[in-house]
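**Q** sequence first, then the predicted structure:
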Amino acid sequence: CPRAGSSTGCPEGEFCQRTDLSVVPVKTHVCRPKKNNGRSCAGRDACDSGYCVTGFCRECPRAGSSTGCPEGEFCQRTDLSVVPVKTHVCRPKKNNGRSCAGRDACDSGYCV
């Protein structure tokens, strides 16, 4: 593959990664399987989800948004004391009367 961090030249489900020259002295780029959520990354092509946020593969890209989440769910930042690496996960949208941080978090589409 020609460029580390991209999927160009790799089979589906893989990305191009620079090899450790002390281990493989000739071949500097190889295709590797995309990474699961919570694994470190240098770009979105390295992640199975397609979202690399603050250096880690995430389930969704932005807390409070529904981008990347299944229908009826929104992206929520988790408590780092409970889940130290995976900070963005999809959760079911909230019913009326529950606290919210934006309209995408609410089943009704309104956060007041």
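**A** Cool, got the structure.
**Q** tell me which residues touch S7, please.
**A** Contact analysis of S7 by CB atoms under 8 Å, 6 or more residues apart in numbering lists 14-16, 45. Any C-beta I mention is one placed from the backbone N, CA and C, and that applies to glycine too.
**Q** below-threshold pLDDT in this structure: ranges please.
**A** Applying pLDDT under 70 to the chain picks out residues 20-27, 79-86.
**Q** contact partners for the spatially most central residue of it?
**A** Closest to where the C-alpha atoms of the chain average out (CA atoms, centre = their mean) is R58, at 2.4 Å. R58 sits next to 37, 47, 49, 51-52, 86-89 when contact means CB under 8 Å, 6+ apart.
**Q** who wins on neighbours among the residues you listed?
**A** Counting neighbours by other CB atoms under 10 Å, H88 comes out on top of the contacts of R58 with 24 neighbours.
**Q** please tell me how far it sits from C69.
**A** Per CB to CB, to the nearest Å, H88 is found 10 Å from C69.
**Q** for R18, same thing?
**A** Distance from R18 to C69, by CB to CB: 31 Å.
**Q** who has more neighbours, the two?
**A** The neighbour comparison of R18 against C69 (other CB under 10 Å) goes to C69, with 21 against 14.
**Q** so that one: helix, strand or coil?
**A** On the three-state scheme (DSSP: H, G, I helix; E, B strand; the rest coil), C69 is labelled coil.
**Q** my read: it touches C60, true?
**A** Yes: using CB atoms under 8 Å, C69 is in contact with C60, at 5.2 Å.
**Q** now do the shared contacts for those two.
**A** Residues within reach of C69 and of C60 at once, by CB under 8 Å, 6+ apart, are 75, 90.
**Q** how near is the nearest residue to N95 once chain neighbours are set aside to V89?
**A** In this structure, N95 finds its nearest non-sequential neighbour in D107, 5.6 Å apart by CB to CB, 6 or more residues apart in numbering. To V89, D107 is 18 Å away according to CB to CB.
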